[in-house]
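Peer 1: Predicted model, plus sequence, below.
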Amino acid sequence: MWEKPSARVLPDGRRLLLQQGPIDLVIEAVGEQAAVRAAHEAAILRFDGLLVELCDELQLLRTAVTRTSPLPLGPVARRMHAAVSPFAIGGFITPMAAVAGSVAQEILGVICQAAPLRRAYVNNGGDIALHLAPGEQFRIGLVKRPDRPEFFATATIRPEHGVAGIATSGYPGRSFSLGIAEAVTVMAPTAAMADAAATMIANAIDLPGHPAVERLPASSIQSDSDLGERLVTRDVGPLATDEIETALAAGLAEAERLRAAGLIVSAAMHLQGVSHMLATPMIVQEKPERRLARA
């Protein structure tokens, strides 16, 4: 049984922290004082009971989506299902691949309905749902690894870019990955879409059977993992330059395919000192590394 949800304003006086079980949401709303207060109240109200809603349908949400899969009942669960459905035709994916982004998107939706805001975001462990009014912007760092706050590039997002969701995936992160990317950051029309796409691009960056890659069955690490016996990456030893390029090229090809399909706006990926990205005006490289950018 989870503890009751908690809510507190962080020491900076601007951001709201909502916590329950595995969910930690950092929320910032920018606007008039009354609007920010109303946004916070709406977020707290909606957060209460959200985890229970997901747990009530957890068995279905941990099951691979197919053409005949039943639809979940809850709004967040349905958003998860919808976000991963475009990827289900090509292989295995469960709604859990979009859980963090879908939760962030749900809370962002209620705070934007509650009050007029110039800018707002909900950050769910690095997966971000974003609202920008005309003339506003939001700057993010693209990390080399989800577990280390070191950037290889930044992105400045404006309303005209069509980005309302940002997500990062990689084998060192809090979720399992079938691939070897240290970090894949995706910018997409929604947070749920970004979450699902980051998972799939990270899975595509791989060197199957390579001796430097340590893999274990997901269920041996987490008994109730939605990935079951599928092998997930636990560590990656040193790779040759051509091997790094081969793995990243597969991820870049997947990202290009998803952009062409309208599922993402841009993506950047990193592996052992090498970064590839779908070049857009949003992204600025921070330091000279071995990189390849494609328009």
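Peer 2: Looks like it arrived, so ask away.

Peer 1: residue ranges for the helices of this structure, please.
Peer 2: Read by DSSP state H, the chain holds these helices, from start to end of the chain: 33-47, 50-56, 58-61, 75-88, 99-114, 191-204, 218-221, 241-260.

Peer 1: For the longest one, buried residues please.
Peer 2: I take that to be helix 241-260. Of the residues in helix 241-260, those scored as buried under the neighbour-count criterion (16 or more other CB atoms under 10 Å) are 243-245, 247-248, 250-252, 254-255, 258-259. Every C-beta, even on glycine, is put in place using the N, C-alpha and C of the backbone.

Peer 1: Tabulate the residues you listed (a markdown table), appending pLDDT and distance to residue 198.
Peer 2: As requested, the buried residues of helix 241-260 are exported to a markdown table (pLDDT from 0 to 100; distance: CB to CB, whole Å):
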| residue | pLDDT | distance to residue 198 |
| --- | --- | --- |
| 243 | 97 | 22 |
| 244 | 97 | 19 |
| 245 | 96 | 21 |
| 247 | 97 | 16 |
| 248 | 97 | 15 |
| 250 | 96 | 15 |
| 251 | 96 | 10 |
| 252 | 95 | 14 |
| 254 | 95 | 11 |
| 255 | 96 | 10 |
| 258 | 96 | 10 |
| 259 | 95 | 13 |
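
Peer 1: Kindly indicate which of those residues lies nearest residue 56.
Peer 2: Sorting those by distance to residue 56 puts residue 258 at the head of the list, at 31.0 Å, by CB to CB.

Peer 1: distance of the closest one from residue 101?
Peer 2: Taking CB to CB, to the nearest Å as the criterion, residue 258 is separated from residue 101 by 15 Å.

Peer 1: And for residue 243?
Peer 2: Using CB to CB, one obtains 30 Å as the distance from residue 243 to residue 101.

Peer 1: Dig out what the residue most central in space within the chain forms beta bridges with.
Peer 2: In the chain, the C-alpha closest to the average C-alpha coordinate belongs to residue 167, at a distance of 2.6 Å (CA atoms, centre = their mean). Listed beta-bridge partners, residue 167: residue 186 (assigned using DSSP bridges).

Peer 1: burial of residue 79, as a residue count?
Peer 2: Neighbours of residue 79 under the rule other CB atoms under 10 Å: 24.

Peer 1: What of the one 5 residues further on?
Peer 2: Neighbour count for residue 84, taken as other CB under 10 Å: 28.

Peer 1: Is it correct that it is in contact with residue 65?
Peer 2: Yes: taking CB atoms under 8 Å as the contact criterion, residue 84 and residue 65 are neighbours in contact, 5.5 Å apart.

Peer 1: Give me the common contacts of these two.
Peer 2: When CB atoms under 8 Å, 6 or more residues apart in numbering defines a contact, the residues bordering residue 84 and residue 65 alike are 93-95.

Peer 1: Neighbour-wise, which one of those leads?
Peer 2: When neighbours are taken as other CB under 10 Å, the top entry among the shared contacts of residue 84 and residue 65 is residue 95 (32 neighbours).
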